[in-house]
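[1] sharing a model that was predicted from the sequence below.
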Amino acid sequence: MSTPSVMKIPTHVPLLDEVVTVLSDGLKKNFTDVTVSVVDCPDLMKKPFMLASSGLCGNARLADVGGPGFLLPLPKKDKKFSYSQIAESVGLPGAFMIGAGAGPCHIVGVNSELINNVQMDGKGGVAKINSHIAKVNPQDGGCILETIDKPEFSLMGNFLCCDGQPGKVLEVKAKKRVGEENFMSSLRKTLKAHYGENPVALGGVFLVEKGKANLHIMPEFSDKPLDSQEKVDSWLKYYEMDAILVCVGELVSHDPGFDLRVEHFHCFSDHGQGGHYHYDVTPADVEYRGYFVLADSIYRIDQPGK
């Protein structure tokens, strides 16, 4: 694996109490029931979260690795990354990392969605991996959700990296969607509307506790260029999936010119369903509950060329 380029982008970190007010007001445009508060982070190693570390606090930062530029119009399958490489790049060799990416196609053998959930040991290795991949069943086109213990991924990744410690976090609860925006877009666009070009970066985990959601899974790589959004949409495989879904990832309110993935969450479950979260499809019934921290910087790693 080659040494990737790394750029550190500072972010705006408002007080949590201020963000509570901003999100409380903004989310009410899309949900009838909204509660935002600052709480002690629950033990995220317990069900239903099943994360590799108990908390989200301590030196929180985002890693934006590669991106769709390595997938489209044709995949650059040589783009391989290791978790230890990313942890070192963000200055946290013992990082707890969660988020969304592409599975290690050179190991899995096919394209897949990565649900990253790993605790590094601080010595260049991995202490614990609770990661999953979601891939398309070649027999019936359904979802295959598998655990994966390999410390590598391909093409892209959007991860919250932190010390994994207990501490104060944002708890966001939202029920009964009445607007057009999905949960993560509601969060991001609310922050964007208030903070403008001051990028606010947020990462963590949310649950789809009730209802159903639309998720996609990338199938096997296309041998024809995916050079339009229409071609991408027809290539991806879409599914309706059931609560409870555990969704990990990050979002950024504003991209200050680094080709950032401004929102990216992937989901897993204990009932064999998972993939890339798009939106809920049962607005009257849906219930979300999330725990998030604000990141003080974004590390743009191996940014694709134009």
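    Noted; the coordinates are in hand.
[2] and the gap between the residue nearest to residue 12 when sequence neighbours are not counted and residue 190?
    In this structure, residue 12 finds its nearest non-sequential neighbour in residue 198, 3.8 Å apart by Cβ to Cβ, 6 or more residues apart in numbering. (Glycine included, C-beta is placed from N, CA and C.) Going from residue 198 to residue 190 by Cβ to Cβ, to the nearest Å gives 14 Å.
[3] higher neighbour count, those two?
    Neighbours per residue (other Cβ atoms under 10 Å) separate residue 198 from residue 190, with residue 190 holding more: 23 against 15.
[4] for the one helix or strand that one maps to, the distance to its chain's centre please.
    Assessed by DSSP states H and E, residue 190 sits inside helix 183-195. Between the centre of helix 183-195 and the centre of its chain there are 16 Å (Cα atoms, centre = their mean, to the nearest Å).
[5] not counting its neighbours along the chain, what's nearest the residue nearest to the spatial centre of the chain?
    Compute the mean C-alpha point of the chain, and by Cα atoms, centre = their mean the closest residue is residue 249, 1.9 Å away. Distances taken as Cβ to Cβ, 6+ apart put residue 265 closest to residue 249, at 3.3 Å, once the chain neighbours are dropped.
[6] quick one: secondary structure of that neighbour?
    Three-state call for residue 265 (DSSP: H, G, I helix; E, B strand; the rest coil): strand.
[7] give me the pLDDT value at it.
    Looking at residue 265, its pLDDT is 98.
[8] that one: what's it in contact with?
    Residue 265 is in contact with 99, 100, 184, 206, 247, 248, 249, 250, 251, 276, 277, counting by Cβ atoms under 8 Å, 6 or more residues apart in numbering.
[9] same thing but at 6 Å, please
    Contact partners of residue 265, counting by Cβ atoms under 6 Å, 6 or more residues apart in numbering, are 100, 184, 247, 249, 277.
[10] give me the below-cutoff pLDDT ranges for the stretch 1-150 of the chain.
    1-2 (pLDDT under 70).
[11] could I get the full set of strands for it?
    6-10, 31-40, 61-66, 80-82, 96-102, 113-120, 126-129, 132-136, 143-147 (DSSP state E, counting those that start in this stretch).
[12] make TSV out of these and add distance to residue 157.
    Formatted as TSV, the strands of the stretch 1-150 of the chain follow (distance: least, Cβ to Cβ, whole Å):
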stretch	distance to residue 157
strand 6-10	14
strand 31-40	28
strand 61-66	4
strand 80-82	7
strand 96-102	3
strand 113-120	7
strand 126-129	14
strand 132-136	13
strand 143-147	18
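[13] for residue 257, which of these is the nearest?
    strand 6-10 (9.2 Å; Cβ to Cβ).
[14] relative to that closest one, what are the paired strands and their orientations?
    Sheet partners assigned to strand 6-10 using DSSP bridges are listed as strand 297-301 (antiparallel).
[15] avg pLDDT for the strand it pairs with?
    98.
[16] that strand vs strand 61-66, what angle?
    In terms of direction (axes from the mean of the first three to the mean of the last three Cα atoms, to 10 degrees), strand 297-301 departs from strand 61-66 by 20 degrees.
[17] flag every buried residue along stretch 31-45.
    Buried positions in stretch 31-45, judged by neighbour count with 16 or more other Cβ atoms under 10 Å: 31, 34, 36, 41, 42, 44, 45.
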